[in-house]
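>>> need a structure here:
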Amino acid sequence: MQASQVYIWFQTTPRAWYEELYRSLVALGFRSSIADPSLFIKVDHSLTFILVYADDILIIGNSSSHCESLINKLST
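So this is what the prediction gives:
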């Protein structure tokens, strides 16, 4: 790979990763926050928040079993 190809790869890879994550979260019933597109919210029998920063994901919810199930779903 030439230097220009590597540069383009590094620019497009994070965007593609985020788009795939976005599609997966929407398919799981999450919606993106209007105020912050890196914050995803799901309200059903429990309340779950996902915050994405660069390649880090923070999952917070009032049900630990629901959060663990979500982690398992996202890791496949």
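>>> Report how many residues lie close to Leu39.
17 (other CB atoms under 10 Å). Bear in mind the C-beta positions are built from the backbone N, C-alpha and C, glycine included.
>>> Can you list phi and psi of it for me?
phi -110, psi 130 (degrees, to the nearest 10).
>>> Which of the three states applies to Phe49?
Of the three states, Phe49 takes strand under DSSP: H, G, I helix; E, B strand; the rest coil.
>>> before we move on, what about Phe40?
Under three-state DSSP, Phe40 comes out as strand.
>>> repeat for Asp36
coil.
>>> okay, it: pLDDT?
If you check Asp36, the pLDDT there is 92.
>>> Against Ser65, how distant is it?
According to CB to CB, to the nearest Å, Asp36 and Ser65 sit 26 Å apart.
>>> If Arg52 is in a bridge, with which residues?
I think there's a mix-up here, since residue 52 is Val and not Arg. Ile57 (DSSP bridges).
>>> Contacts only, for it.
By CB atoms under 8 Å, 6 or more residues apart in numbering, the residues touching Val52 are 18, 21, 38-40, 58.
>>> Next one: it relative to Ile41, how far apart?
From Val52 across to Ile41, the span is 12 Å (CB to CB).
>>> Look up how far Val26 lies from the nearest residue to Phe30 once chain neighbours are set aside.
Closest residue to Phe30 apart from its sequence neighbours, by CB to CB, 6 or more residues apart in numbering: Phe40 at 4.1 Å. The gap separating Phe40 from Val26 is 8 Å, by CB to CB.
>>> Thank you kindly, that will do.
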